Every structure is written in C-alpha cells, then in structure tokens.
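>>> here is my input; please provide its structure:
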Amino acid sequence: MARINLKRILDTTLREGEQAPGVYFKPEEKCVIAEMLYRVLGEKAYIEIGQPYSPKYRDGVEAVVKHFREKGYGKARLLGHCRTLKEDVKTAWDCGVWGVVVVLAPSDKHLIHKLDGLSYQKALERIVDTIKYAKEKLGFTLVEYAAEDATSTPIKRLIEFSRVAWEAGADVVRIPDTKGQMHPENFRRLLETLTENVNVDFDVHCHNDRGLAVANSIAGLEGGATGVHVSVMGLGERCGIADMATLLDNIETFYGIKTKVNFKDMPKLYHYVSAVSGVPIPPNLPIHGVFARIHKAGTHQKSVLRCPETYETINWEKYGLKREFEFGAMQSKELIETLLEGKNVSEDVKKRVVERIREFSMGRGRPLRKIEVLRIIHEETGLPMDYVSKAVDEEINALIFVKVKPSCDELDLIKNIRKTFMRYGVTVTVRDITGNWDFILDVKGVKNSEMLDQITREIRMENRDITETSTSIVFDEYK
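Coordinates of the predicted model:
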C-alpha cells in the first residue's frame, strides 16, 4: 500500500455544501458550523467559508470572520472562494479571510461555454495577474489556485496551468474531479504525473457522481497530493463530494495516520448540519447513518454479541456511539438472553418472547419499538417493569400537530423545529398538510414523556408564529 503525506484537511461544507440543492445557511448558522468544524478538525483544518464576491453570501463570510475574532480563534485558517479576478480577491481581503482560493477552469468546454470564449493565453495571464495581486499586493497567507474540471483537461495543459500558478506564487493547486468521472487508478496516476512535473502542493477535490469520491480522494493522496477536501455528509453539488467521517476514518485505519481529529464531537456536527440544511442524514451513510450500527439478522446478532469484529469494522467508541439491534422478524434468542442475563427465566419463556417478537413484527411489517419489546418481556416473564426498563430503553413515538399564523416563514419554522429536536438527539419528519392543521411533526425515539413535553414547550416558545399545538402518542404502527 502506498504511503500518503496528509498536510491539509479542507472542509467546504459552507461553500461546496451550500451548493447542494435546497441548502441555504443563515449567517448565524454558518458561525455555529464553522466553530464546530474548527473544534472537530483541529490543527490541520482549512475551512472554506463561502464566496465573498457574491453579495448574497458576503454577509455569511463576514459573520464567520467576526465570530472567530471574538472567540479568539487566531489560528483558524478561514478561506474565501473567488473567481480569478482581482476585484473578487480584494473583496475577500476586505472580509478578513486568512486565505483565498481562485478558480479558473482550463478545460476547453469551460473556457468556451462558462467563460464566454476566454482564450487559453488570456486564461494564463488572468491566473498570473490575480495570484500575484493576492500574494504580493494584498499579502494573503495562502493562495490556492483551483483548476476546475481538471480531469477533463489534457495533462500537458494541466501541468502548464499548475506550473504557471505556482510560479506566480500559488501555495497550493487544487485538482477537482468536477464531474466525478475518474477511475481511482487513473486519478492516482494523474496526481503522480502532476507532482513529478510541478513542485507545488496539490489538493484533491472529488465529486461523487459515480460514488467514487472517497476512493478517488484516497487515490489522489496516494498519487502525491498533500491535501484533501471533505464536507459534512458529503454535501455538495449534485451527489456532493467526499464525506468527512468516511474519508478520515479510512485514512486513519488504512494508512496509520493520526489526523488528530476530534471524532467524538462529529455526531453533534452532523446532526446540526442536517438540522439547518434540511437534509436528513442518510440512514445508510457510513458511520453516521443509523443503519451503520444496527444489526438485524439473528445470526448476525448472535455473532456480534459474542465477538463484535464478526460484523463490525468501525470503532463506535471513537465517535461516542453505540451499536444497536433491531427487534423483529429475524430476532435472535441470544439478544433476549443478554437482556435477561442474571434472571431466572426458563428456556421456554425465552423462546415465547422471541416468537412473540417475530410474530408481532411480521404482522405489522416493521420492527418493534423498544417499548413494545419491554411489554412482551414483562408479560411473558413477570419481571417488574422497572427492571425491564433498565434492560431496554423506553422510547416514545408521537405526532405533534402544529398550527401557524398565515404570515409564517415556513422554511425558517421548519429549520428551527429541526434544530430543537437535534438538541435532544431526536428524529423528526416535518409534513406540510392541508386541513385544520398546517404541519404534522412525526417524532421517533423520544426517551420519555417528560422530554416530549419539554421539546413541545421549547418549540412553542422559540417560534412565535405557532399559534397552537396538539400531541398524540403513537401506540401502534402498521404497514
């Protein structure tokens, strides 16, 4: 296995991530995300916080810079993303960012169709003039040139553009696989060729259109890149880019590199970004998706209870997470035995518990909630409910009906509701409906009724446009 030299982890949730369809971050939300990123990623972190040249996004960039100054985060490497234009770079400087990224695509399709027929020679001149202006005139600590659509550019041209940027003063050249089109082996060879011909640090920025963003990012590092780009949940244009947790965990696991990332704070970061972006964490997302740590098949449950490594490769303690089990049609006897360990319960009773769980699940076409498992165990064993509650965490599902004022900003309301539930680690689906109520909040996994009441109170207090709510506990569910 090739060795890699990782110098930079660049997170672009606040720039690339906000280019995901439907994602809009408010300036105050960007401040929270940026601070969480700084705490998670540590000393190797580079945080791309937006596009200051755009009037719609400059406020967010300035808000993050101001927030970091007030917090005393003097070592934070905050980057502005700009077109390769002097006026863009000057705007970024005025906003107070630590470094600047200038982007200009060297591929023919982009020069012709995106840059309105900009000639090859004029593109090179613009790169030189803008980088020298940013580095020498303004004095940016870091200037990075991004060769957008690099993997559609002939290698000789890409070498020339990279060399010209480096000679003009660029500290880093970014090689994006903009359309997510490269095979990992070809991408590794591309970076090998570039590093052999240009004495500059290279970053890789890999899109996930073919599901290869993580593989290509690793391949680029193997080819000699020293920086890699990530975002929370892999958010970005179309299918996004490399997911932060997936990529960094693989780098640590396979290459023995200590990234010094604070993995235990990562779940909070993921849940917050999910809440304010409106994008749910995909259940099958590696590591942070809930399916990643749930064992359903009975033989898998049995095996994992005896030896976790039979079906697990992730260290959940690293993230402050725990493995879970699904109670359902594939229920194992061994899981029930674990819950009843130390109690004098006969084999026949254990078998009845297992069979009732299986039949319940098959009859309703879904897994059992923990409260339902609790009830079956209590009924079959006669054990007091307080003991069973300790063995199986009690959870509540509920529907909260919400009525709002006609003038309500519904998108703001939904984001605020998501943030409230996120603070409690509770899953919610917001449904916009017709009739006497405006929204239904489909709530899963509240730990107890007291928590549900508290969440509902906070929703009412924090959202003045809500005029009325009504809560119903879900007793059962059928499919």
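
>>> could you dump stretch 295-302 to CSV, C-alpha only?
Coordinates of each C-alpha in stretch 295-302 appear next as CSV, following Å, rounded to 0.1, in the frame of the first residue of the first chain:
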residue,chain,number,x,y,z
HIS,A,295,-27.8,-5.5,13.5
LYS,A,296,-31.0,-7.1,12.2
ALA,A,297,-30.3,-10.7,11.2
GLY,A,298,-30.5,-13.2,14.0
THR,A,299,-27.2,-14.9,13.2
HIS,A,300,-25.5,-11.5,13.0
GLN,A,301,-26.9,-10.5,16.4
LYS,A,302,-25.6,-13.8,17.9
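
>>> from the chain's centre, how far out does that stretch sit?
28 Å (CA atoms, centre = their mean, to the nearest Å).

>>> how about stretch 403-419?
Using CA atoms, centre = their mean, the offset of stretch 403-419 from its chain centre is 24 Å.

>>> next, count neighbours for the nearest residue to Pro176 once chain neighbours are set aside.
Among residues not flanking Pro176 along the chain, His205 sits closest, at 4.0 Å (CB to CB, 6 or more residues apart in numbering). Where C-beta positions appear, they are placed from N, C-alpha and C, glycine not excepted. Here the count is done by other CB atoms under 10 Å, and His205 has 30 residues near it.

>>> thought His205 was touching Val173?
No - using CB atoms under 8 Å as the test, His205 is too far from Val173 to be in contact (11.0 Å).

>>> which neighbours do these two share?
Taking CB atoms under 8 Å, 6 or more residues apart in numbering as the contact rule, His205 and Val173 both touch Ala146.

>>> that older thread, each with direction, which strands does the helix or strand containing the residue nearest to Pro176 pair with?
Using DSSP states H and E, His205 maps to strand 201-206. According to DSSP bridges, strand 201-206 has the following sheet partners: strand 172-177 (parallel), strand 227-230 (parallel).

>>> next helix or strand past the helix or strand of the chain with the lowest mean pLDDT?
In the chain, no helix or strand scores lower on mean pLDDT, DSSP states H and E than helix 385-391, which sits at a mean of 62. Once the chain leaves helix 385-391, the next helix or strand it forms, by DSSP H and E, is strand 396-404.

>>> show me what secondary structure element comes after that following strand.
helix 410-423.

>>> next, format the strands paired with strand 201-206 as JSON lines and append distance to Leu221 and mean neighbour count.
Listed next are the strands paired with strand 201-206 as JSON lines, based on distance: least, CB to CB, whole Å; neighbours: other CB atoms under 10 Å:
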{"stretch": "strand 172-177", "distance to Leu221": "11", "mean neighbour count": "25"}
{"stretch": "strand 227-230", "distance to Leu221": "6", "mean neighbour count": "26"}
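
>>> so where's the stretch 101-250 of the chain uncertain?
Residues of the stretch 101-250 of the chain meeting the criterion pLDDT under 70: none.

>>> dump the strands paired with strand 201-206 to a markdown table, plus distance to Asp59.
As requested, the strands paired with strand 201-206 are exported to a markdown table (distance: least, CB to CB, whole Å):
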| stretch | distance to Asp59 |
| --- | --- |
| strand 172-177 | 25 |
| strand 227-230 | 24 |
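
>>> so which of these is nearest Gly236?
Of all the strands paired with strand 201-206, it is strand 227-230 that lies closest to Gly236, at 9.3 Å by CB to CB.

>>> output that closest one as CSV, nothing but the C-alphas.
C-alpha atoms of strand 227-230 as CSV (Å, rounded to 0.1, in the frame of the first residue of the first chain):
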residue,chain,number,x,y,z
GLY,A,227,-4.4,18.0,0.9
VAL,A,228,-7.9,16.6,0.6
HIS,A,229,-11.4,18.2,0.6
VAL,A,230,-14.4,17.0,2.5
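
>>> how far does that strand sit from its chain's centre?
On CA atoms, centre = their mean, the centre of strand 227-230 falls 14 Å from that of its chain.

>>> cool, stretch 63-77 as well?
For stretch 63-77, the separation from the chain centroid amounts to 22 Å (computed by CA atoms, centre = their mean).

>>> phi first, then psi, for the closest residue to Asn397 other than its chain neighbours.
If the residues on either side of it in the chain are set aside, Asn397 comes closest to Val474, at 4.1 Å by CB to CB, 6+ apart. Main-chain torsions, Val474, degrees, to the nearest 10: phi -90, psi 120.

>>> how far away is Val474 from Leu158?
57 Å (CB to CB, to the nearest Å).

>>> show me which of the two is the more surrounded one.
Leu158 (23 against 13).

>>> any idea how far the strand holding His205 is from the middle of the chain?
Computed by CA atoms, centre = their mean, the chain-centroid distance of strand 201-206 equals 19 Å.

>>> packing partners of the next helix or strand after that strand?
Per DSSP H and E, the first helix or strand lying C-terminal to strand 201-206 is helix 213-222. Under the contact criterion of 3 or more CB pairs under 8 Å, 6 or more residues apart in numbering; DSSP states H and E, helix 213-222 touches strand 172-177, helix 184-197, strand 201-206, strand 227-230, helix 244-255.

>>> dump the C-alpha coordinates for stretch 401-412 into CSV.
Provided in CSV are the C-alpha atoms of stretch 401-412 (Å, rounded to 0.1, in the frame of the first residue of the first chain):
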residue,chain,number,x,y,z
PHE,A,401,-49.9,18.8,15.2
VAL,A,402,-49.0,22.5,14.6
LYS,A,403,-51.0,25.5,13.5
VAL,A,404,-49.2,28.7,12.5
LYS,A,405,-50.0,32.3,11.6
PRO,A,406,-50.7,33.0,7.9
SER,A,407,-47.6,35.2,7.7
CYS,A,408,-45.3,32.5,9.0
ASP,A,409,-42.0,31.9,7.1
GLU,A,410,-42.4,28.2,6.8
LEU,A,411,-38.8,27.4,5.8
ASP,A,412,-37.5,29.2,8.9
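
>>> please identify the buried residues of that stretch?
By neighbour count with 16 or more other CB atoms under 10 Å, stretch 401-412 contains the buried residues Phe401, Val402, Val404, Cys408.

>>> I'd like those residues as JSON lines, with distance to Gly320 and pLDDT appended.
Output for those, formatted as JSON lines (distance: CB to CB, whole Å; pLDDT from 0 to 100):
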{"residue": "Phe401", "distance to Gly320": "34", "pLDDT": "97"}
{"residue": "Val402", "distance to Gly320": "32", "pLDDT": "97"}
{"residue": "Val404", "distance to Gly320": "36", "pLDDT": "96"}
{"residue": "Cys408", "distance to Gly320": "36", "pLDDT": "94"}
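
>>> could you redo those residues as a markdown table and give each row distance to Gly74?
Below are the buried residues of stretch 401-412 laid out as a markdown table (distance: CB to CB, whole Å):
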| residue | distance to Gly74 |
| --- | --- |
| Phe401 | 49 |
| Val402 | 44 |
| Val404 | 43 |
| Cys408 | 41 |
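
>>> next, the angle from the helix or strand that contains Tyr145 to strand 172-177.
Element membership of Tyr145 [criterion: DSSP H and E] is strand 142-146. Angle, strand 142-146 to strand 172-177, by axes from the mean of the first three to the mean of the last three CA atoms, to 10 degrees: 30 degrees.
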